[in-house]
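Asks: no sequence for this one, just the structure:
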């Protein structure tokens, strides 16, 4: 158990809909990262938040948005869903940003299926 | 644009032998590299990392080698055990951890 929780575990929805994925980082971790893993693909970096502020944006579609709240949990919002958005969505947390690297601890993921 | 590449989708090794997983990268600004292990239906788990000031880092049965001139890193597992069977991802970062780039993974099967 990494200490990172993600809800829901599975999500099935229809095209055009909007969903929210939730992530609670490990206690004390300030950074939250979101990744998308499509079938047979690696983890594609979406976005990174540090202590409530956006720090880096990857290949995140305009239909997707995220935020990190004062209690440090994060939500990834996916709207106008398309079939191609079906994927595993992982969040990861790490302790700190500045002064060096820290490994990320991943949650179990949310499997999104768009029908 | 895949900046981190794992060209072998799968690898099979006999129990007790050495497993060598390879990873190539294209961005010379990357200065921190990690290996993760992933079991089905779970998130990736951190294994070992190396910064660009080193060329080798060891942790028990796991050793990571970095060849900066070739932009290549490898993970050695000795001896391999059936419980090592999983998908292994390499990852890299070059901006103090703001963004990490992952490879597509190598599925390792250790045969008893």
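Replies: Yes, it's here. Just so you know, these numbers come straight off a predicted model, no measurement behind them. Residues are numbered from 1 along each chain as shown, chains lettered A, B, ... in the order given.
Asks: can you tell me the SS state at the residue of chain B found nearest chain A?
Replies: Closest to chain A within chain B is residue B:43: 3.3 Å, counting by Cβ to the nearest Cβ. C-betas here are computed from N, CA, C, even on glycine. Following DSSP: H, G, I helix; E, B strand; the rest coil, we place residue B:43 in the coil state.
Asks: now it, nearest residue through space, not along the chain?
Replies: Nearest residue to residue B:43, sequence neighbours excluded (Cβ to Cβ, 6 or more residues apart in numbering or on different chains): residue A:106, at 3.3 Å.
Asks: can you name the residues bridging to the one you found?
Replies: Beta-bridge partners recorded for residue A:106 (DSSP bridges): residue A:92.
Asks: ok, now how distant is it from residue A:113?
Replies: Going from residue A:106 to residue A:113 by Cβ to Cβ, to the nearest Å gives 20 Å.
Asks: so what's the residue count around the closest residue to chain B within chain A?
Replies: Using Cβ to the nearest Cβ, the closest approach of chain A to chain B is made by residue A:106 at 3.3 Å. Residues near residue A:106, counting by other Cβ atoms under 10 Å in any protein chain shown, number 23.
Asks: I figured it hits residue A:92, correct?
Replies: Yes: between residue A:106 and residue A:92 a contact is recorded at 4.5 Å, counting by Cβ atoms under 8 Å.
Asks: and the residue of chain A closest to chain B, what does it touch?
Replies: Residues near residue A:106 by Cβ atoms under 8 Å, 6 or more residues apart in numbering or on different chains: A:2, A:4, A:90, A:91, A:92, B:36, B:43, B:44, B:45.
Asks: helices or strands up against the helix or strand that contains the third one?
Replies: Secondary structure assigned from DSSP states H and E places residue A:90 in strand A:87-94. Using 3 or more Cβ pairs under 8 Å, 6 or more residues apart in numbering or on different chains; DSSP states H and E as the contact definition, the elements that strand A:87-94 packs against are strand A:5-7, strand A:19-24, strand A:31-37, strand A:74-78, strand A:105-106, strand A:110-114.
Asks: the longest one and chain B, any residue contact?
Replies: Read that as strand A:31-37. Yes: against chain B, strand A:31-37 shows contacts by Cβ under 8 Å from any Cβ of the partner chain at A:31, A:33, A:35.
Asks: closest one to residue B:100 among the helices and strands packed on strand A:87-94?
Replies: Residue B:100 lies closest, by Cβ to Cβ, to one member of the helices and strands packed on strand A:87-94: strand A:31-37, at 7.1 Å.
Asks: if you count contacts, what does the closest one end up packed against?
Replies: strand A:44-50, strand A:74-78, strand A:87-94.
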